[in-house]
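Undergrad: Starting from these lines, generate the structure:
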Amino acid sequence: MSTLATEIDELNAAVRAAAPAQVIATIDAATRRLVEDGLAERALGVGQRVPDFALPDAAGRSVELRRLLGEGPLVVKFYRGAWCPYCNLDLRAWQRHLPEVAALGARFVAISPQSADAALTLAEKHALAFPVLSDRGHGVARRFGIVYTLEESLRPVYAAFGVDLPAYNGDSSFELPVPATYLLDRDGTVAARWLDIDYRERVEPADVLARLRALVEH
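TA: So this is what the prediction gives:
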């Protein structure tokens, strides 16, 4: 089984080979500024409790956090949207590891600001067997403290790649969630978290599973 890190390295190489150097420089500079902004220090952290929430899944059914936690620990993955190739690699990697999540008595759920229709398309395209939830307006991501506004310098870059964020998200805010993975204990407390401020970096599912296994066996 290939690792997520290997797949991301290959994607990074392909992007850097295809995109103009100035585009890469613009992305790198914006990423540095986002890191320096200190979002990671402000985001929901280990030991804090997640407020209950309910979001629609790809079929329009309401999925409640408390019901998911009633079945065991929960891995919550925030992703940017179906348009992001890094997110697609990330979610497909988790699909491969889903049997391991289930074997530990846990659940996995993915959340993005895109519409339920877009979530359904994503779930069907990649045959995802976990809930893909729609957080329109970033209500839940905002409670986690991981929402930021895409800076002006990147908007034409995204448009050139064919990414129309207002169309995907249904608003003109240009807000996005930082890709983040949260491991929640059954009482909704954050047991561990991984914030990928640089969206081109993602935590390996195996690392999260190791923390989940330790949580379950504690």
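Undergrad: Val178 touches Gly145, doesn't it?
TA: No - using Cβ atoms under 8 Å, Val178 is not in contact with Gly145; the gap is 9.2 Å. Just so you know, the C-beta spots here come from the backbone N, C-alpha and C atoms, and that holds for glycine as well.
Undergrad: hey, what's in contact with both of the two?
TA: Counting by Cβ atoms under 8 Å, 6 or more residues apart in numbering, the shared contacts of Val178 and Gly145 are Leu39, Ala43.
Undergrad: which of those two has more neighbours?
TA: Taking neighbours as other Cβ atoms under 10 Å, Val178 and Gly145 compare with Val178 leading, 21 against 17.
Undergrad: Pull up the gap between that one and Arg42, please.
TA: 11 Å (Cβ to Cβ, to the nearest Å).
Undergrad: Please apply the same query to Arg80.
TA: Arg80 is 19 Å from Arg42, by Cβ to Cβ.
Undergrad: of these two, who's got more company?
TA: Using other Cβ under 10 Å as the criterion, Arg80 and Arg42 rank with Arg80 on top: 22 against 10.
Undergrad: Show me what the biggest helix by length in the chain is packed against.
TA: Longest helix in the chain by number of residues (criterion: DSSP state H): helix 85-103. If you count contacts as 3 or more Cβ pairs under 8 Å, 6 or more residues apart in numbering; DSSP states H and E, helix 85-103 packs onto helix 4-18, strand 74-78, strand 107-112, helix 205-217.
Undergrad: Make CSV out of the ones you listed and add mean pLDDT, mean neighbour count and distance to Leu89.
TA: Output for the helices and strands packed on helix 85-103, formatted as CSV (pLDDT from 0 to 100; neighbours: other Cβ atoms under 10 Å; distance: least, Cβ to Cβ, whole Å):
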stretch, mean pLDDT, mean neighbour count, distance to Leu89
helix 4-18, 95, 13, 5
strand 74-78, 98, 24, 12
strand 107-112, 97, 24, 13
helix 205-217, 96, 16, 11
